[in-house]
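**Student:** Here's my sequence, what's the structure:
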Amino acid sequence: PKGNMAFTGKYEFEGDENYDEFVTKIGLPSDKIEMGRNCKIVTEVVQNGNDFTWTQHFPGGRTTTNKFSVGVEADMETMGGRKFKTAVKMEGGKLVADFPNYHHTAEICGGKLVEISTSSGVVYKRTSKKIA
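**Tutor:** Now for the predicted structure:
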């Protein structure tokens, strides 16, 4: 069913809110903060039922890939490159994950990929438009 394939696609960074406040809060070093600001990250998602491959392509050729199945603990990597284990949940069409120092949700809203990360009351929102 089409509903299950809602996330599959390629999305290019369009805009964000509260970036500086959020990355400072989660302790990213300033060089990484600078690098990530208004960074045209392309997020590529392949969804096969409950199995996901979530790849972020950064300018300059760096990529991060997280592979996970909904409800199953998996090895993941944070924005700052830290490795950890978590089980991603599906709640009302949103993917929900608890990272070591932030809570993350991702959903498709009007054809856009909307990701929200929350840390100690700071809400960081990143929107990416579908390009493929």
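**Student:** Can you name every helix or strand that the helix or strand of the chain with the lowest mean pLDDT contacts?
**Tutor:** When the helices and strands of the chain are scored by mean pLDDT, DSSP states H and E, helix 30-36 comes last with a mean of 86. Applying 3 or more CB pairs under 8 Å, 6 or more residues apart in numbering; DSSP states H and E, one finds that helix 30-36 contacts helix 19-25. To be clear about C-beta, it is placed using only N, CA and C from the backbone, and glycine gets the same treatment.
**Student:** Need the pLDDT of the closest residue to Phe84 other than its chain neighbours.
**Tutor:** In space, Phe84 comes closest to Pro100 once its chain neighbours are excluded; the distance is 5.2 Å by CB to CB, 6 or more residues apart in numbering. On pLDDT, Pro100 comes in at 87.
**Student:** Could you measure from Pro100 over to Thr43?
**Tutor:** The gap separating Pro100 from Thr43 is 20 Å, by CB to CB, to the nearest Å.
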